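# Any chance you could fold what I've pasted below:
(chains A and B)
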Amino acid sequence: MIPLEQVLALSAILFTIGVVGAITRRNLIVILMSIELMLNAVNLALVGFSRLWAQPDGQVFVLMVIVVAAAEVAVGLGIVIALFRNRESVNIEDVSLLKW
Amino acid sequence: MVTETETLRWIVALPGLSAAVHGVLLGVVRRTLERSLVIALSCGSVILSFVLSLVSLLRLDGGVLVDPVYAWIGAGTFSADVTFLMDPLSAVMCLVVTGVGSLIHVYSIGYMDDDHREDKGFQRFFCYLNLFTFSMLVLVLADNLVLMFLGWEGVGLCSYLLIGFWYADRWNAYCGMKAFVVNRIGDFGFLVGIFLVFWSFETVAFRELQAAMGGIDPRLATLIGLCLFVGAAGKSAQVPLYVWLPDAMAGPTPVSALIHAATMVTAGVYMVCRMHFLYDAAPDASAVVAWTGALTALFAATIAVAQTDIKKILAYSTVSQLGYMFVAAGCGGYTAAIFHLGTHAFFKALLFLGAGAVILAMHHEQDTDRMGGLRTRIPRTFAVVSVGVFAIAGFPPLAGFFSKDEILLTAWTADPRLWSVLLATAALTAFYMFRLWFRTFFGECRAPEEVKAHIHEPAPVVLWPLYALAFCSAVAGFFNFPQAWGGWFPYPSALGHFLGFEHHATHGAPELQLALGAIAAAALGALLAWLCYVRLPGLPARFRSRLVANAYYVDRIYDALLVKPLVLLSDAVLYRALDAGAIDGALVNGTARAVRAVAADVLRHLQSGFAQAYLVLMLLGTVAVVGFLLR
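Got it, this is the predicted structure:
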């Protein structure tokens, strides 16, 4: 059986990759993917704890997160498509008009 | 014997309801009623109120009537109910207020009819007049100090509204405000007095207070008595708070008659008589009341001598006569005070209304310098005003003689010095009243020709109230015919028995000689006036004093000592420094400026528009929060 420490370590690594990706990459699609990576890192940690305590709560949470993530991706990709139709670009630095 | 009844609330409510109807129509619906409907509603309600007062008086029968309407305020041990109480004292007041009030309401129909200065004023005037009657009846019939204070403030408000009735003229509005502000000073004393009463006795109801008064500390009684008297001095225009009353003459003449002569200004005297058990226990406070009254009586009479405005003369005369009443009340002669209050209400209302008739006849001319010779032109007005003049001057058998004589007697038994001041005042009173009489009705008419051609008797609706008041002024003295003058009169001291105050000890006083002295003083004053203004018209000019003519410059002294510094303090310190500077400038605008400085120059650069910059900040924030929680 895989010990909890390894599960959490993998979760942390995946989350960090997601954070770094979301902060550093300019392509909106890649940023969305990075966010998905973070969500799934959290899911992994939840499942790990669920098994440790032998409780179903964590898995219920995971299902919830997957539903929200699906919705989020749908909205996010919708925004990206709308943006591309207007600007012919998916670079996040091209959309910085909303400021002071 | 206490009888419960529901009549009393209707005495009070009828004028109040009428005022409310007028108020809703004028203020909410914004429509004016037919003239005849206004008259029917306003005059009818007051006359009905008078009839109900008479009915209640007949039911009194040696006891008191009580009408508990509802519990108004109750908090802990404090309670103030809307309960109306009619005992002999309030019954007399009630009759004076509704009786004289009815006559003046009727008179106003004619007086305000002539007024074309403002088109929609007719109904507004009657609305205020009804509201005043309502407030005055609350004051008079209240069974506790708090309810009395409600009426007290109500009459003050109506006084303000009616003095400034022709508000288009700034001077009238100023006079109204002056009356209101000066009354506030008195009301402050009255309020402190009420607080002290509750603090000491845990009740504000008159009957409970009277029962609780035994064994009260005289110093406490004096303190309470003085505080209440400050209120009385404000409302009843005594030195040093009398300055508002002469200026209150800016209002329409029926208002001067009703509010500033017959009823409201006597509220202070009524209050002192109502609290007589307190003043009986506080001889020092009573002495202050008596001496303030005497000082006011003499002081105001000397000013009246040099005035030329017909209403100003009567106003100073009112101040002076109120001084008489306070002397009587301060000497323990509460019957005498209330007696003079009643007779004064008749003859002063008569004089004011008569002056109003003269003013109407002269086309709104008030200066006696431009009158004269009116005796033959308006003989009916002349006749009724003459009754008033002889009554106030104190010639028997008119009302003023009896009531003034009783006050002089009371003063003599208390302190002959008070008596001598009042006797001098009586001579002065006769002098200035006959001066007014001669200058208005005798000699050559000094009016301009175009006015002279149109002098006419007023309408019957104006004259009939005058006849009624003249009749009352002539016979009211017999309500309290002196006992000592022999038994030929069947009802001696009727008012005294009815009111039932503890009999003031006057035994051993030379009553007949005192009465003769009073008559002699009045005759001397009248004779001097005749000498100065009929026989030797050049004489007064030699004694003309600018000091007296300008009312001893009291207004200017108050202005320099009190008003100007107060205005300066308010303007420079309270307004400019505190309100505009500290609060508006530093606090309100300062906060806004600080926020703008920080936000506009520093914080706005955070809002860069780059989504990833926000993400970094969010990450840092999350790390900080998690770090804080895991610390």
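# How about residue B:86, nearest residue that isn't a chain neighbour?
Sequence neighbours aside, residue B:65 is the residue nearest to residue B:86 in space, at 4.2 Å (criterion: Cβ to Cβ, 6 or more residues apart in numbering or on different chains). All C-beta atoms are positioned from the backbone trio N, CA, C, and that covers glycine.
# Any chance of the backbone angles for that neighbour?
phi -100, psi 140 (degrees, to the nearest 10).
# And for it, the neighbour number?
23 (other Cβ atoms under 10 Å in any protein chain shown).
# how far away is it from residue B:204?
20 Å (Cβ to Cβ, to the nearest Å).
# quick one: contacts for the residue nearest to residue B:86?
B:2, B:3, B:4, B:5, B:7, B:8, B:56, B:59, B:85, B:86, B:87 (Cβ atoms under 8 Å, 6 or more residues apart in numbering or on different chains).
# Show me which of those residues is closest to residue B:210.
Using Cβ to Cβ, residue B:87 comes nearest to residue B:210 of these, at 10.6 Å.
# lowest confidence element among the helices and strands of chain B?
helix B:539-542 (a mean of 76; mean pLDDT, DSSP states H and E).
# tell me the domain boundaries of chain B?
B:2-549, B:555-629 (automatic domain parsing).
# one step back: out of the contacts of residue B:65, which end up buried?
Buried residues within the contacts of residue B:65, defined by neighbour count using 16 or more other Cβ atoms under 10 Å in any protein chain shown: B:8, B:56, B:85, B:86, B:87.
# Those in helices, which ones?
B:8, B:56 (DSSP state H).
# can I get the buried ones among the contacts of residue B:65 in CSV with distance to residue A:96 and pLDDT?
Output for these, formatted as CSV (distance: Cβ to Cβ, whole Å; pLDDT from 0 to 100):
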residue, distance to residue A:96, pLDDT
B:8, 81, 92
B:56, 87, 92
B:85, 82, 93
B:86, 85, 93
B:87, 87, 91
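# Just send the buried ones among the contacts of residue B:65 back as JSON lines, with distance to residue B:134 too.
Shown next, in JSON lines, are the buried ones among the contacts of residue B:65 (distance: Cβ to Cβ, whole Å):
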{"residue": "B:8", "distance to residue B:134": "13"}
{"residue": "B:56", "distance to residue B:134": "17"}
{"residue": "B:85", "distance to residue B:134": "17"}
{"residue": "B:86", "distance to residue B:134": "16"}
{"residue": "B:87", "distance to residue B:134": "20"}
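# Distance from the chain centre to the longest helix belonging to chain A, please.
Secondary structure assigned by DSSP H gives helix A:57-87 as the longest helix of chain A. A distance of 9 Å separates the C-alpha centroid of helix A:57-87 from that of its chain, computed with Cα atoms, centre = their mean, to the nearest Å.
# Next: stretch B:26-38.
28 Å.
# Same check on stretch B:422-436?
22 Å.
# average model confidence for that stretch?
In this model, stretch B:422-436 has a mean pLDDT of 94.
# what's residue B:394 sitting at in phi/psi?
Dihedral angles for residue B:394 - degrees, to the nearest 10 - are phi 100, psi 40.
# And it, how close does it get to residue B:520?
10 Å.
# More neighbours: those two, which one.
Comparing residue B:394 with residue B:520 by neighbour count (other Cβ under 10 Å), the higher total belongs to residue B:394, at 28 against 13.
# Look up the closest residue to that one, ignoring the ones flanking it.
What sits nearest to residue B:394 in space, not counting adjacent residues and going by Cβ to Cβ, 6+ apart, is residue B:522, at 4.3 Å.
# In terms of helices and strands, where is the one you found?
When elements are defined using DSSP states H and E, residue B:522 is found to belong to helix B:511-530.
# Quick one: list the elements packing against that helix.
In this structure, helix B:511-530 makes packing contacts with helix B:379-393, helix B:399-414, helix B:416-441, judged by 3 or more Cβ pairs under 8 Å, 6 or more residues apart in numbering or on different chains; DSSP states H and E.
# Let's see stretch B:90-110 as CSV, backbone CA atoms only.
Output in CSV follows, covering the C-alpha atoms of stretch B:90-110 (Å, rounded to 0.1, in the frame of the first residue of the first chain):
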residue,chain,number,x,y,z
SER,B,90,-58.5,75.8,36.8
ALA,B,91,-62.3,76.3,36.4
VAL,B,92,-61.8,80.1,36.6
MET,B,93,-58.9,79.9,34.2
CYS,B,94,-60.8,77.7,31.9
LEU,B,95,-63.7,80.2,31.8
VAL,B,96,-61.4,83.1,31.1
VAL,B,97,-59.6,81.3,28.3
THR,B,98,-62.6,80.0,26.6
GLY,B,99,-64.8,83.0,27.3
VAL,B,100,-62.4,85.7,26.3
GLY,B,101,-61.1,83.4,23.6
SER,B,102,-64.6,83.0,22.1
LEU,B,103,-65.1,86.8,22.0
ILE,B,104,-61.7,87.3,20.4
HIS,B,105,-62.4,84.5,17.8
VAL,B,106,-65.6,86.4,16.9
TYR,B,107,-63.7,89.7,16.7
SER,B,108,-61.1,88.2,14.5
ILE,B,109,-63.7,87.4,11.8
GLY,B,110,-64.0,91.1,11.4
